[in-house]
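**Q** predicted model and sequence follow; I will ask about them next.
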Amino acid sequence: MRKIALLTIIMTLLLASCPTSGSVNMENDYKEGRDAIHSLIGIWIPELDKTNSLESSSISLENKTICFDIPGDSTLFGKISAAVKNQIPQEPASENASSIRWNLEKTIDNRLHKGFLEIILDAENAEESAIYINTQLKPAYRIKLTASQGGSVTLKRGENAITGNETYGITDDEFTLTSSPDNGYLFDGWFNGETKLSGEATFSYAIASADIEIQGKFVQNNMTQSYTSRRAEFKAVCGIELPELEGLEVSDFDYQEGATSYCFDITDGDNLSQETYTTLKSFFNGFDGLPGFAITHPEDNQPNGSAIEWTSTAG
């Protein structure tokens, strides 16, 4: 009986000497930062005894931003990193001897949020080395790209094409929208509903604070092949896109590299109609402040003459 009693006393003493969960004496400010991180992203950093947060720390759960700074060395950095790795299923986005970072996604109030968690070791001053635990979440907004009949569209983030032309980004994330018309069609522009966002074939769009669906619209090309090709060449040389006009044939005057002028003749069948001539002249009147462009007619007194000539001496 004495042996059993002695063994019971020894076991009791051993158990009392082992730390248990909740036995760590965390400082209030450390506990506050630890709880805040868990509240925001669901991750626990280790319980640490007698550790205070640094004055550089800042916590804003309202803005979903936490900068939690504590004193620490490479050993503590490794301990915290290992504890977080055990709770996040995906591999870190980046990792080296003094920093580790994860990209995060979390749904809050039925809205997807994107953000990050990073742990940084600042050991330049060995006596005052510190560990910075930063995390932030921002609401993400959907961008969806569609195409009307007559062409295809591509959505890219950086150099990477987005599968299905639909993804999420946070405010100010930039995407590149590219259009490719089919044969017999022209690109008309990028539209959000009835609002035209751009007429450029390639368009950079920065996410605003709202979901958006953008359609690339295409229209049938009823312009002649000669006018279509010269219209594209004129834009490449002069930076001006001529009006979309049907039935116009263009004389074959190719631009020569390095030339200081560019011109071609346009005819509307056998004669250039008064309506077409007025349309073209009105179009170029909008460029009065741009030197080097002129629009002429062989016989201004006879506007049903045979041609219009544009000349650029801006080169």
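**A** Structure received.
**Q** can I get the longest strand anywhere in the chain in PDB? Just the C-alpha atoms.
**A** Criterion DSSP state E: the longest strand present in the chain is strand 130-147. Provided in PDB are the C-alpha atoms of strand 130-147 (Å, rounded to 0.1, in the frame of the first residue of the first chain):
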ATOM      1  CA  ALA A 130      11.600  41.600 -34.000                       C
ATOM      2  CA  ILE A 131       8.900  39.600 -35.700                       C
ATOM      3  CA  TYR A 132       6.200  41.300 -37.700                       C
ATOM      4  CA  ILE A 133       2.900  39.400 -38.200                       C
ATOM      5  CA  ASN A 134       0.800  41.200 -40.800                       C
ATOM      6  CA  THR A 135      -2.500  40.200 -42.200                       C
ATOM      7  CA  GLN A 136      -5.100  41.900 -44.300                       C
ATOM      8  CA  LEU A 137      -8.400  41.100 -46.100                       C
ATOM      9  CA  LYS A 138     -10.100  43.200 -48.800                       C
ATOM     10  CA  PRO A 139     -13.400  42.600 -50.500                       C
ATOM     11  CA  ALA A 140     -13.100  41.000 -53.900                       C
ATOM     12  CA  TYR A 141     -15.300  41.800 -56.900                       C
ATOM     13  CA  ARG A 142     -16.200  39.700 -59.900                       C
ATOM     14  CA  ILE A 143     -15.200  40.600 -63.400                       C
ATOM     15  CA  LYS A 144     -16.800  38.700 -66.200                       C
ATOM     16  CA  LEU A 145     -16.000  39.100 -69.900                       C
ATOM     17  CA  THR A 146     -18.300  38.000 -72.700                       C
ATOM     18  CA  ALA A 147     -18.400  38.500 -76.500                       C
END
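**Q** list the contacts for the residue lying closest to residue 197 once chain neighbours are set aside?
**A** Ranked by Cβ to Cβ, 6 or more residues apart in numbering and with sequence neighbours excluded, the top spatial neighbour of residue 197 is residue 190, at 4.5 Å. Yep, even glycine has a C-beta here, placed from its N, CA and C like the rest. When contacts are counted by Cβ atoms under 8 Å, 6 or more residues apart in numbering, residue 190 is found next to 177, 179, 196-200, 203, 205, 214-217.
**Q** tell me the strands beside the longest strand of the chain, with direction?
**A** Next to strand 130-147 in the sheet, as set by DSSP bridges, lie strand 65-71 (antiparallel), strand 111-122 (antiparallel), strand 166-170 (antiparallel), strand 212-220 (parallel).
**Q** which residue ranges of the stretch 51-200 of the chain form strands?
**A** 58-60, 65-71, 94-95, 99-108, 111-122, 130-147, 151-157, 160-161, 166-170, 174-181, 185-192, 195-198 (DSSP state E, counting those that start in this stretch).
**Q** would you turn the ones you listed into TSV with distance to residue 52?
**A** Shown next, in TSV, are these (distance: least, Cβ to Cβ, whole Å):
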stretch	distance to residue 52
strand 58-60	14
strand 65-71	7
strand 94-95	27
strand 99-108	22
strand 111-122	16
strand 130-147	12
strand 151-157	41
strand 160-161	43
strand 166-170	33
strand 174-181	41
strand 185-192	51
strand 195-198	52
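**Q** and the ones you listed as CSV, adding mean pLDDT?
**A** Listed next are the strands of the stretch 51-200 of the chain as CSV, based on pLDDT from 0 to 100:
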stretch, mean pLDDT
strand 58-60, 96
strand 65-71, 97
strand 94-95, 97
strand 99-108, 96
strand 111-122, 96
strand 130-147, 97
strand 151-157, 96
strand 160-161, 91
strand 166-170, 95
strand 174-181, 96
strand 185-192, 93
strand 195-198, 95
